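1. predicted coordinates and the sequence they were generated for:
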Amino acid sequence: MSFIEIPLGGVSEAVTVPEGTYDLRIEGCEEKTSVNTGRDMLMVMLHIENPPAGVENPATVFHYVNLPMEDDEPRTVQMMLLEIKRFLTVFGVPFEEHGFDSNDLPGAVGECFLIEEEYEGRIGNKLKPPRLEE
């Protein structure tokens with residue numbers, strides 16, 4: 001094998017940002033089924049538009065939109081629907097009484113609070129949408 005010339009000098013790991021409010025853009029959205037629960041969900045990838053000084057490579061924020069299932073308890077369904085509505089509202093994604101179009105997610109922008117949270121031994125940022133305004 002010969003020497004492969006590629007620019008590896010400036011490559012670094014993506015890092016989380018400190019807790020705070022950030023401008024975010026939805027980079028992409030994939031429909032998935034959880035391997036643990038069998039629940040349908042949307043995996044949304046968020047880009048931090050205004051990282052703080054010194055954070056050159058902010059990590060992508062992954063947000064999972066769990067979709068209600070037929071056999072869910074009514075209280076569980078209501079909580080999921082509330083979380084979905086909060087998320088859509090933050091990003092200005094249009095919705096109607098009976099749902100929304102996931103194709104409207106990529107490219108949507110919004111401002112939201114991010115926290116740092118550990119998951120499977122790794123620290124990542126997590127979205128904390130605000131309560132709906134009455």
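-> Structure's in. What do you need? Residues are numbered from 1 along each chain as shown.
2. direction included, what does the strand ranked longest in the chain pair up with?
-> Criterion DSSP state E: the longest strand present in the chain is strand 20-33. The pairing partners recorded for strand 20-33 under DSSP bridges are strand 40-48 (antiparallel), strand 109-119 (antiparallel).
3. can you lay out those strands as a markdown table showing distance to F100, mean pLDDT and mean neighbour count?
-> Glycine gets a C-beta too; all of them are placed from N, C-alpha and C. Below are the strands paired with strand 20-33 laid out as a markdown table (distance: least, C-beta to C-beta, whole Å; pLDDT from 0 to 100; neighbours: other C-beta atoms under 10 Å):
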| stretch | distance to F100 | mean pLDDT | mean neighbour count |
| --- | --- | --- | --- |
| strand 40-48 | 10 | 97 | 18 |
| strand 109-119 | 14 | 95 | 14 |
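4. look up which residues are beta-bridged to I48.
-> Going by DSSP bridges, I48 forms beta bridges with L24.
5. how close does it sit to E116?
-> Using C-beta to C-beta, to the nearest Å, we find I48 at a distance of 13 Å from E116.
6. do the same with S12
-> 19 Å.
7. can you check the pLDDT for E133?
-> Here the pLDDT value assigned to E133 is 88.
8. so what pLDDT did S34 get?
-> 89.
9. skip the chain neighbours and tell me the closest residue to it.
-> Spatially, and ignoring its direct neighbours in sequence, S34 is nearest to M41 (6.0 Å; C-beta to C-beta, 6 or more residues apart in numbering).
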